[in-house]
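Q: Any chance you could fold what I've pasted below:
(one chain, ligands or ions: 1)
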Amino acid sequence: MSKKRIFSGAQPTGRLHLGNYLGALKNWVELQDEYDSIFCIVNLHALTLPQDPKTLRKSTLDLARVYLAAGIDPSKAVIFLQSDVPAHAELTWVLLCTARMGELERMTQFKDKAKGNTERAGVGLFSYPVLMASDILLYQTNLVPVGHDQKQHLELTRDLAERFNRDFGETFTIPEVFIPKAGARIRSLQDPAKKMSKSDENEAGAIFLDDGADAIAKKIKRAVTDSGTEISFDESRPAIHNLLTIYQLVTGKSEQECVDNFAGKGYGQFKAELADAVIEYLRPFQEQIASFDDASVAKILQDGAEKARSIASETLADAYAKLGIVT
Ligand code: TYM
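A: Modelled structure (predicted):
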């Protein structure tokens, strides 16, 4: 029996942080043996907000290194650039013609990113979830491993696929979302009401994957905590819950082991142990990242693009044929 397929991606905008790693990348690596895996660097998504062209070019190739250093193995998984496969933009046009204004207006990420000023927001930002739906549907994806903030986009993807299949005949696999039990919503270290984010103005809120040991220790030391002293997984104390979740994920301990480890200890000691654990966790990744030279990265992306193109073009041809588009 052939393996089921996973597809996921990240935007090459800004520096990736521990939320991206624990909410997404870590799971991609864990799932790549069991699934036929495709991981995309979604550089066309990056255009939904203004980008400096030079920086975008650099961040795109840097993100390929991040995927590799995190442990995605190009002999098992396809790694490719979205812009290398024109079918993404083409299917987006088709699906834009089936999507409704109302369903896109409901996307909370659009409302957040438009910062309340939808009159001035870009049309690309508004239609971004349809590009994401195309990414997923082109590959007949069964499962999409993402953090919690992408859940609504996945629901839209399923709606668009079901609508197309109903109106034009069976074309797309209906994908399921994979959201990890722990780590799907890593919060800002400075404001646990917000998610850890690349675009947070307060850099102290995020641990970036390329932060050095000193920066990591300092950020964790300065992380806000809740009132009370107990170190436990208590949802009503989101700051400590968040820090303890990070500890759990980077050490691989069970919830109970984490709680037992800190019984009777204070926040100072907890933060010191957490900082050490995060530094150790990121060390192999940080050591690896410099080891991928430009030529080998380019080759991996080229091979990945070829495989991706052959799958995507088949799905697009089928969708066009069903629509009566002559090719
Ligand atoms: P992006 O680039 O914003 O984030 C990449 C992945 O990281 C997850 N993530 C988090 N997880 C836990 N805690 C956090 N604080 C946190 N912040 C981010 C995101 O959920 C995501 O899984 N639209 C997507 C990229 C995309 C995509 C796709 C994903 C485009 N096409 C198709 C899956 C399938 C995005 O902007 O992710």
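
Q: mind listing the helices for the protein?
A: 18-20, 26-31, 43-46, 53-70, 87-96, 101-105, 108-113, 123-137, 151-168, 213-222, 238-251, 255-262, 267-289, 294-323 (DSSP state H).

Q: Report whether the first one contacts the ligand.
A: Yes. Against the ligand, helix 18-20 shows contacts by CB under 6 Å from any ligand atom at 19-20. In this view, the C-beta of every residue, glycine as well, is placed from N, C-alpha and C.

Q: Would you mind pulling the contact partners of that helix?
A: 10, 147, 185-186, 195-198, 206-209, 246, 278 (CB atoms under 8 Å, 6 or more residues apart in numbering).

Q: Also the fourth one?
A: Outside of helix 53-70, the residues within contact range by CB under 8 Å, 6+ apart are 10, 12-14, 16, 21, 25-26, 28-29, 39, 41, 43, 46, 74, 79, 81, 209, 285-286, 288-289, 291-292, 294, 297, 300-301.

Q: Tally up the residues packed near the residue in the stretch 51-200 of the chain that the ligand sits nearest to, please.
A: The minimum distance from the stretch 51-200 of the chain to the ligand, using CB to the nearest ligand atom, falls at residue 147 (2.4 Å). Using other CB atoms under 10 Å, residue 147 is surrounded by 22 other residues.

Q: Same check on residue 123?
A: Neighbours of residue 123 (other CB under 10 Å): 9.

Q: How about the one 10 residues further on?
A: Applying other CB under 10 Å, we find 27 other residues in the vicinity of residue 133.

Q: now the closest residue in space to it that isn't next to it in sequence: how far from residue 78?
A: Of all residues not flanking residue 133 in the chain, residue 157 sits nearest, at 4.0 Å (CB to CB, 6 or more residues apart in numbering). Using CB to CB, to the nearest Å, one gets 19 Å for the distance from residue 157 to residue 78.

Q: Repeat that for residue 138.
A: Counting by CB to CB, the gap from residue 138 to residue 78 is 12 Å.

Q: need the residues of the stretch 1-150 of the chain near the ligand, please.
A: 7-11, 19-20, 23-24, 42, 45, 132, 135-136, 144, 146-147, 149-150.

Q: sorry, back to before: buried ones among the contacts of helix 53-70?
A: 10, 12-14, 16, 21, 25-26, 28-29, 39, 41, 43, 46, 74, 79, 81, 209, 285, 289, 292, 297, 300-301 (16 or more other CB atoms under 10 Å).

Q: Any stretches of the stretch 151-300 of the chain with poor pLDDT?
A: Scanning the stretch 151-300 of the chain for pLDDT under 70 picks out nothing.

Q: Pull up the residues of it that are close to the ligand.
A: Within the stretch 151-300 of the chain, the positions near the ligand by CB under 6 Å from any ligand atom are 184-186, 195-196.

Q: same thing but at 8 Å, please
A: 153-154, 183-188, 195-198 (CB under 8 Å from any ligand atom).

Q: picking that back up, more neighbours: residue 157 and residue 78, which one.
A: residue 157 (26 against 22).

Q: ok, and for stretch 316-327, which residues are buried?
A: 316, 318-319, 322.

Q: got these as JSON lines, with distance to residue 166 and pLDDT columns?
A: Below are the buried residues of stretch 316-327 laid out as JSON lines (distance: CB to CB, whole Å; pLDDT from 0 to 100):
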{"residue": "316", "distance to residue 166": "19", "pLDDT": "98"}
{"residue": "318", "distance to residue 166": "16", "pLDDT": "98"}
{"residue": "319", "distance to residue 166": "14", "pLDDT": "98"}
{"residue": "322", "distance to residue 166": "12", "pLDDT": "98"}
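
Q: for the residues you listed, which one is nearest the ligand?
A: residue 316 (16.3 Å).

Q: So that closest one sits against residue 89, correct?
A: No. At 10.3 Å, residue 316 does not count as touching residue 89 under the criterion of CB atoms under 8 Å.

Q: The helices of the chain into CSV, with extra columns for distance to residue 230?
A: Converted to CSV, the helices of the chain look like this (distance: least, CB to CB, whole Å):
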stretch, distance to residue 230
helix 18-20, 24
helix 26-31, 27
helix 43-46, 41
helix 53-70, 33
helix 87-96, 48
helix 101-105, 43
helix 108-113, 33
helix 123-137, 40
helix 151-168, 31
helix 213-222, 19
helix 238-251, 8
helix 255-262, 9
helix 267-289, 10
helix 294-323, 46
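
Q: Let me see the domain layout of this protein.
A: 5-183+293-323, 203-288 (automatic domain parsing).

Q: Is there a neighbour count for the residue of the chain found nearest the ligand? I'd like the number.
A: The minimum distance from the chain to the ligand, using CB to the nearest ligand atom, falls at residue 23 (2.0 Å). Other residues lying near residue 23 total 26 when counted by other CB under 10 Å.

Q: what's the distance between the closest residue to it other than its chain neighbours and residue 134?
A: Spatial nearest neighbour of residue 23, excluding adjacent residues (CB to CB, 6+ apart): residue 147 at 3.2 Å. Separation of residue 147 from residue 134 (CB to CB): 20 Å.
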